[in-house]
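J.: Build the 3D model from these lines:
(one chain, ligands or ions: 1)
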Amino acid sequence: MTGTSEPFAADPLAGAAAVEIQGLTVRRGGAPALRDVNLSIPRGTVTGLLGPSGCGKTTLMRCIVGTQIVESGTVTVLGQPAGSAPLRRRVGYVTQDPSVYLDISIRDNVRYFASLYGRGNDAVAETIEAVGLTTHAHHTAGALSGGQLSRVSLACALVGQPEVLVLDEPTVGLDPVLRAELWEHFASLAASGTTLLISSHVMDEADHCENLLLLRDGRLLAHVPPDELRRRTGKSNLEQAFLVLIRDQQVGVQR
Ligand SMILES: Nc1ncnc2c1ncn2[C@@H]1O[C@H](COP(=O)(O)OP(=O)(O)OP(=O)(O)O)[C@@H](O)[C@H]1O
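T.: Here you go, the predicted model:
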C-alpha cells in the first residue's frame with residue numbers, strides 16, 4: 001500500500017484545529033439528533049466516531065461537511081465555517097451509500113475525480129492500489145459487489161488528497177486483511193498531515209484511532225484516546241469500556 005499524500009505547504013492556520021465545534025445542537029424529524037456538542041479535532045490525526053445506531057454519527061459528519069441544517073452552535077473546519085466555498089476542495093466526504101458512476105469502469109470513475117482536482121494518472125493508479133482494486137480497475141462499476149463499490153467511492157474521495165477526510169463506515173463489508181490495510185493507509189495519510197474522522201460501530205476498530213468520540217443519544221459522552229478510555233473505566237475491552245461509560249452516564253442522569 002502506498003501513501004498518496006505529500007506534506008502540505010506552509011499554512012498560516014497550521015496550528016489551528018482541523019475541526020472546532022461549539023454548542024452544536026441539531027434537530028432531525030422534530031427530535032434532537034445532536035445536543036450541545038463541543039469538541040476540537042487536531043490536524044493530522046485519525047479520530048474514530050463511535051456509538052450505537054441512530055446516536056447521531058452521520059448527523060455530526062454532515063455538520064462538518066456543511067450539508068446539515070443546524071439549530072444552534074458553530075462548526076469551523078480548517079479555520080472556515082463548515083460548508084463554505086473555500087472548503088469544497090479541502091474536505092472529502094464518503095457517505096455510507098457509494099456515490100459512483102455505475103456505467104463506467106473503476107479506473108474512469110477515479111480518473112474523473114482526479115481530473116477535478118488536477119491529479120494525474122500516477123495518483124489514479126496509486127489510489128486504486130490503496131483500496132485494493134488494481135486487478136479490477138477495468139471492470140464496470142455496475143458489476144461490482146457492495147464492498148467493492150464502497151472502495152471505489154473511497155478512492156474517488158482519496159484521489160483529490162483532501163486535507164480533511166470524513167468517512168462514514170468505510171470498512172463495512174470488507175474482509176479483515178483489506179480492513180487492516182485500509183487502516184494502515186489512513187494512518188499514513190494522517191502522518192502526512194491529513195485529518196481523518198472515521199465512523200464505525202465496530203469497537204474493535206477503535207484501537208486504530210488516536211482519539212475516540214463516543215456518542216449516545218446525540219450527546220458526546222467522551223473524547224479520549226483508546227488507552228485513556230480503558231484507564232478511566234478499568235476495562236481492557238473497548239466495547240465493555242463504552243458500556244461502563246453509558247452506565248455511569250445513566251447513573252449521573254438519575255441523580
Ligand atoms: N432524514 C432524516 N429525517 C429525519 N430524521 C432523521 C433523518 N436521518 C436521521 N434522522 C434521525 O436523526 C438521528 C441521528 O441519526 P444518524 O443518522 O445521525 O445516526 P447514526 O449514528 O449515523 O446511525 P447509523 O449508525 O445507524 O448510521 C436518529 O434519531 C435518526 O432517526
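J.: Just the CA trace of stretch 94-107, in PDB.
T.: C-alpha atoms of stretch 94-107 as PDB (Å, rounded to 0.1, in the frame of the first residue of the first chain):
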ATOM      1  CA  VAL A  94     -17.600   9.400   1.700                       C
ATOM      2  CA  THR A  95     -21.200   8.600   2.600                       C
ATOM      3  CA  GLN A  96     -22.400   5.100   3.600                       C
ATOM      4  CA  ASP A  97     -24.100   4.800   0.200                       C
ATOM      5  CA  PRO A  98     -21.500   4.600  -2.500                       C
ATOM      6  CA  SER A  99     -21.700   7.500  -5.000                       C
ATOM      7  CA  VAL A 100     -20.000   6.400  -8.200                       C
ATOM      8  CA  TYR A 101     -21.000   6.300 -11.900                       C
ATOM      9  CA  LEU A 102     -22.200   2.700 -12.500                       C
ATOM     10  CA  ASP A 103     -21.900   2.700 -16.300                       C
ATOM     11  CA  ILE A 104     -18.100   3.300 -16.400                       C
ATOM     12  CA  SER A 105     -15.100   1.500 -15.100                       C
ATOM     13  CA  ILE A 106     -13.400   1.800 -11.700                       C
ATOM     14  CA  ARG A 107     -10.400   3.500 -13.300                       C
END
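J.: what comes into contact with it?
T.: Stretch 94-107 has contacts (C-beta atoms under 8 Å, 6 or more residues apart in numbering) with 58, 108-109, 112, 124, 128, 133, 136-142, 144, 146, 149-150, 152-157, 165-170, 172. C-beta here means a position set from N, CA and C on the backbone, and glycine is covered the same way.
J.: got it, and stretch 79-89?
T.: If you take C-beta under 8 Å, 6+ apart as the criterion, stretch 79-89 is touched by 13, 16, 63-67, 74-78, 117, 160, 162.
J.: try 6 Å
T.: With contacts defined as C-beta atoms under 6 Å, 6 or more residues apart in numbering, stretch 79-89 is touched by 13, 16, 64, 66, 75, 77.
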